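A.B. asks: Sequence first, predicted model second:
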Amino acid sequence: MATSTFLQIKELLDKHNAKYVHYTHEHVHTSQDAAAIRNTNLDDAAKAIICKLQRKDGTYVFIQAVIQASKRIDLKKLKILLDSKNVALASPDEVLRETGCTIGSVPPFGILFNIQVYFDEGLLTRESIVFSAGTHTDSIEMNPESYVDIVNPVITEFRKE
């Protein structure tokens, strides 16, 4: 998959002297499978979702929504929050085109793809977050505050209750 994306993330984390753990594991496609194989909590898993946002003028832009894997994204909340005409999940082809990664391997580093990142505040309550790192076989675990310092996402709330 996107081995170069993994290397970019590792380089970025090392540049910021971030403490992290790198997991190498068998090929997985879902957050549930990844949590099981890593022996980590699904509440600590940060899933990165690419969304297609239609602006009021009719143009489209892609954003990244990062949320606990145990939660569901509320697209209506995002639509209101972003004052948009429509917000939808990007198709697998759009995700691949915009990130170079397939669904299930997209890391929460939209900054690498020039995509604005929105980070659900629920992840800040976790001692650590763990996420796919650009491949289906690499994951990274780190402190959520360090992640925020590096990525500088918009922190908000968009999970379904």
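C.D. replies: Arrived safely, thanks for sending. Numbering: from 1, shown residues only.
A.B. asks: Now do the strands in the protein.
C.D. replies: 20-24, 46-54, 60-68, 86-89, 116-120, 129-132, 138-142, 154-156 (DSSP state E).
A.B. asks: pLDDT score assigned to the residue nearest to Thr99 when sequence neighbours are not counted?
C.D. replies: Once flanking residues are discounted, Thr99 sits nearest to Phe113: 4.9 Å by Cβ to Cβ, 6 or more residues apart in numbering. Heads up, the C-betas are built off the backbone N, CA and C, glycines and all. Here the pLDDT value assigned to Phe113 is 96.
A.B. asks: and if you look at Ile140?
C.D. replies: 96.
A.B. asks: Quickly note the distance from it to Asp33.
C.D. replies: 17 Å (Cβ to Cβ, to the nearest Å).
A.B. asks: before we move on, what about Ala65?
C.D. replies: 21 Å.
A.B. asks: returning to that earlier point: compare neighbour counts for Ile140 and Asp33 and give me the winner.
C.D. replies: Using other Cβ atoms under 10 Å as the criterion, Ile140 and Asp33 rank with Ile140 on top: 24 against 15.
A.B. asks: Enumerate the beta-bridge partners assigned to that one.
C.D. replies: In this entry, Ile140 is beta-bridged to His22, Phe131, by DSSP bridges.
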